[in-house]
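Visitor: sequence and predicted structure, then a few things I'm wondering about:
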Number of protein chains: 2
Amino acid sequence: MLTLLGIAGLPEIRPGDDLAALIRTHASLADGDIVVVTSKIVSKAEGRFVPAADREAAIEAETVRVVAERGAVRIVENRLGIVAAAAGIDASNVPEGQVLLLPEDPDASARRIAEGLREVAHVGVLVSDTLGRPWRLGQTDVAIGAAGVRLFEQPGRDADGRPLAVTMPCVADELCGAAELVKPKDGHVPVAVVRGRGDLVGDLALPGARSIIRPLEDDLFRTGG
Amino acid sequence: MLTLLGIAGLPEIRPGDDLAALIRTHASLADGDIVVVTSKIVSKAEGRFVPAADREAAIEAETVRVVAERGAVRIVENRLGIVAAAAGIDASNVPEGQVLLLPEDPDASARRIAEGLREVAHVGVLVSDTLGRPWRLGQTDVAIGAAGVRLFEQPGRDADGRPLAVTMPCVADELCGAAELVKPKDGHVPVAVVRGRGDLVGDLALPGARSIIRPLEDDLFRTGG
C-alpha cells in the first residue's frame, strides 16, 4: 500500500529559510518516506526572485534552445535540460511585481534538504515542477531535483520471465505526479510525504533528476527529428 | 490523505471474462474510489490478440500518422490519438506467438467496467497504459480510457487569489502514474484502487480519456511544429 499525505501549515517561505528544518517541524517522517517538495518553495528559500519587468531578459538568460514556436507560444529548453514554456519562470504564488526562477541546481537543493531531513529519518527527496507535454492536454508534476531516490523502476521480467528490455518506468515522475494529487495549486500544501516505496530510497550519491533528461542526440523531438 | 492499494489475485484474463465481476470479487470498494485498470487485461478480456506473425500489419492498421522516425525507431499516432512506439501493440505478459492490440474503444471499456462496479460502490474507472515521452527518459502510466472521473483539476486561483489560467493538471494521468507505483510490471497486480480523491468521481457521462488528446491543430509536436 502507498499513502500520500500533504503537509500544510508551513509559513510563507522567504530567502534564507531552512526548508529541512521547517519540514521536520511540520511532518512526522519515517524511514523509507519520500518527501516531494514543490520547486516554488525551494526557489523562494534560495531567493530566486527577479523583478517582473526583467521577465523577458530572464527567460532569454535561462534558455539554451528554442524547441518549438508558434505565435506567442515558445517552448524552450532551459539550462537544466527542462523543456517548458517561459523556460520554467513563473509568477503564480509569487509577490506582485516579481517572478521566480527555478532553483539554480535542483539536485543540489534536493541533496541539502535530504541531508537536513536525514537527521530524523532515512528519507529520499524529490523537487517537483509542473510541466506541460506534447500530444496531451494539461500538465503533470515531474521531478526536476532528486536526492537519495532511485528514479527508474528496473522491472526485469514479465510474468512469463521474459526480459522487459524497453520498459523502465520513471517512478520519480510518477511520485511527483502522485504528490500533486494531495498538493492543491493554491500553494498552501507545498510538500507531500509518500510512504510505502522505501525500496526506492537509497544513498545520497544516487543520480539526480538531471539524469532523467533524454540526451540530446537520442531525442527525436528536441532537434527537429 | 491518498491511499493506493494494488489488487492481486486475479486469474489470468481470457477473452470474454467479466472484469467488473472479477474486480468486485478481489477488491473491497468504497464510494469515491477510483479504480485503475491496466489496459492489458482489458485487451485480453476483449480478445484483442493477433498472431505475432501479423504484428507489422497490425501496427500499420492501427497507425494514422508517423510522428517521428529514426533508424528502427518509429513513433506513430494510432487511431485512438495515442502517440507511441509500435502504435501501442505489445507482447509482454502475452502468450508466446501472440501480440495484443489496445482495446478497441478504451473509454467504452472503462464505462462498461464502471457500470459493473457501480453495482457495489460509486467509483470511477481509469484504463491505463505505459507510454514513453519526448525529452525525458523512461515511461509513465497515463489514462487511455476513463469513465465517471474528472480528468483535469480546475485549480482556479493561486494563494493570492490570482486566476491560474494556464495551469490545468491532468489528474487522470497522475492517478494512473500513481497506480503504477503499486502495480509492478510482472503483471501480477493489474488493478489498483485509489482512495481519497472522491471529489473527482462523478457522472458516467463525463468526458472520456479521448478528450485528453491535444487537438492536432493545437499540437506543436505532431505536425512538425
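Guide: Here it is on my side, so go on.

Visitor: check contacts around A:I212.
Guide: Residues in contact with A:I212 (CB atoms under 8 Å, 6 or more residues apart in numbering or on different chains) are A:142-143, A:151, A:170, A:172-173, B:136-138. For every residue, glycine as well, the C-beta is placed using N, CA and C.

Visitor: mind redoing it with 10 Å?
Guide: Residues near A:I212 by CB atoms under 10 Å, 6 or more residues apart in numbering or on different chains: A:81-82, A:142-144, A:146, A:151-152, A:170, A:172-173, B:135-138.

Visitor: show me the residues you listed that map onto helices.
Guide: A:172-173 (DSSP state H).

Visitor: and which of the contacts of A:I212 is nearest A:G16?
Guide: For the contacts of A:I212, the minimum distance to A:G16 (CB to CB) is 21.5 Å, reached by A:I144.

Visitor: tell me the confidence at that closest one?
Guide: If you check A:I144, the pLDDT there is 98.

Visitor: can you tell me the centre-most residue of chain A?
Guide: Centroid-nearest residue in chain A: A:S128, 2.1 Å away (criterion: CA atoms, centre = their mean).

Visitor: and that one, what does it touch?
Guide: Per CB under 10 Å, 6+ apart, neighbours of A:S128: A:36-40, A:42, A:106, A:140-146, A:172-173, A:175-177, A:179-180, A:183, A:190-192, A:209.

Visitor: again, 7 Å this time
Guide: A:36, A:38-39, A:141-144, A:176, A:179 (CB atoms under 7 Å, 6 or more residues apart in numbering or on different chains).

Visitor: is it possible to get JSON lines of the residues you listed that adds neighbour count and distance to chain B?
Guide: What follows is the contacts of A:S128, written out as JSON lines (neighbours: other CB atoms under 10 Å in any protein chain shown; distance: CB to the nearest CB, whole Å):
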{"residue": "A:V36", "neighbour count": "30", "distance to chain B": "12"}
{"residue": "A:T38", "neighbour count": "25", "distance to chain B": "12"}
{"residue": "A:S39", "neighbour count": "27", "distance to chain B": "14"}
{"residue": "A:D141", "neighbour count": "27", "distance to chain B": "7"}
{"residue": "A:V142", "neighbour count": "26", "distance to chain B": "7"}
{"residue": "A:A143", "neighbour count": "30", "distance to chain B": "9"}
{"residue": "A:I144", "neighbour count": "31", "distance to chain B": "10"}
{"residue": "A:C176", "neighbour count": "34", "distance to chain B": "9"}
{"residue": "A:A179", "neighbour count": "29", "distance to chain B": "9"}
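
Visitor: determine which two of these are furthest apart.
Guide: A:I144 and A:A179 (13.0 Å).

Visitor: the residue lying farthest from the centre of chain A: what's it in contact with?
Guide: For chain A, the largest distance from the centre (CA atoms, centre = their mean) belongs to A:D160, which lies 35.2 Å off. Contacts for A:D160 were tallied using CB under 7 Å, 6+ apart; they are B:N93.

Visitor: okay, now the closest residue to A:A86 other than its chain neighbours: neighbour count?
Guide: Distances taken as CB to CB, 6 or more residues apart in numbering or on different chains put A:I59 closest to A:A86, at 5.6 Å, once the chain neighbours are dropped. Neighbours of A:I59 under the rule other CB atoms under 10 Å in any protein chain shown: 20.

Visitor: which residues does A:I59 contact?
Guide: A:86-87, A:89 are the contacts of A:I59 under CB under 7 Å, 6+ apart.

Visitor: cool, A:V76 as well?
Guide: A:63, A:65-67, A:87.

Visitor: what subset of those residues is buried?
Guide: Buried by 16 or more other CB atoms under 10 Å in any protein chain shown: A:63, A:67, A:87, out of these.
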